[in-house]
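Q: How does the following fold in three dimensions:
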Amino acid sequence: MLTQENTGLIIVDVQGKLARIVQESEKMIANLEKLIRGCQILSVPIIYLEQNPNGLGNTVPELEKLLANQKAIEKYTFNAFENEEFQQTVLKANKKQWLVCGIETHICVYQTAMGLLAHNFEVEIVADCVSSRSKESVDLALQKMQQKGINLTNVEMCLYELVKDSRNENFKAILNLIK
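A: Below you'll find the model as predicted:
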């Protein structure tokens, strides 16, 4: 089970034109907005990544405005854990469980999740917050990650798992996000 005390969120490369051409992009971006807001309400640390921003562009404006008080980690490796700044940020956050979302599921999301798993972190993919250019690539990546021991969740499931109790002071704010 996810816990507020042990969980962080990693957003992988939701950038530029690519973010607009992946499968169900608008739905994914809307779900990511809910997830980010929920994590902010619950004080869950957020790390967001940009793959080669000079080539691919910056994080989409809908998400960038929510993350305005922090800076994206620029990377060039598909597995973000091979990036020193990312690695240090993850370790400094001191969280054992990481929610991972973004694009593309079969490349950077997959490799970053595997990098985290290889370093003994618990990883859950937020399945309604990932996408690729083809549905087959998403399905294959999710299947392969599950076979490797990575769990799947969705926005509503993970936020309620983090809240745990309808008496939680943040329950109503989370409920309003999900509605």
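Q: Show residues contacting the longest helix along the chain.
A: For the chain, the helix that runs over the most residues, judged by DSSP state H, is helix 25-41. By Cβ atoms under 8 Å, 6 or more residues apart in numbering, the surrounding residues in contact with helix 25-41 are 9, 11, 14, 19, 22, 44-46, 60, 62-63, 66-67, 99, 101-103, 126, 128-131, 154-155, 158-159, 162, 170, 173-174, 177-178. (Each C-beta comes from the backbone N, C-alpha and C, glycine too.)
Q: Mind checking which of these land in helices?
A: Under the assignment DSSP H, those contribute 19, 62, 63, 155, 158, 159, 162, 173, 174, 177, 178 to helices.
Q: which two in those are spaced the farthest apart?
A: 19 and 173 (26.5 Å; Cβ to Cβ).
Q: out of these two, which sits in the busier spot?
A: Between residue 19 and residue 173, counted using other Cβ atoms under 10 Å, the more crowded position is residue 19 (24 against 15).
Q: measure that one to residue 46 for me?
A: Distance from residue 19 to residue 46, counting by Cβ to Cβ, to the nearest Å: 17 Å.
Q: Residue 78 now?
A: Using Cβ to Cβ, we find residue 78 at a distance of 20 Å from residue 46.
Q: longest strand in the protein, by residue count?
A: strand 122-131 (DSSP state E).
Q: That one versus helix 25-41: what angle between them?
A: Taking axes from the mean of the first three to the mean of the last three Cα atoms, to 10 degrees, one finds that strand 122-131 is oriented at 140 degrees with respect to helix 25-41.
Q: now the angle from the longest helix of the chain to helix 155-163?
A: Put simply, helix 25-41 runs at 10 degrees to helix 155-163, going by the same axes, to 10 degrees.
Q: Now find how far off-centre helix 25-41 is within its chain.
A: In terms of Cα atoms, centre = their mean, to the nearest Å, the centre of helix 25-41 is found 9 Å from the chain centre.
Q: again, but for stretch 102-120
A: Put simply, stretch 102-120 sits 10 Å off its chain's centre (Cα atoms, centre = their mean).
Q: Let me know the average pLDDT across that stretch.
A: The average pLDDT within stretch 102-120 is 98.
Q: do stretch 23-42 as well
A: Per-residue scores along stretch 23-42 average to 97.
Q: Same check on stretch 132-139?
A: The predicted model assigns stretch 132-139 a mean pLDDT of 97.
Q: Contacts for it, please.
A: Applying Cβ under 8 Å, 6+ apart, the contact partners of stretch 132-139 are 21, 22, 23, 103, 104, 105, 106, 107, 130, 131, 141.
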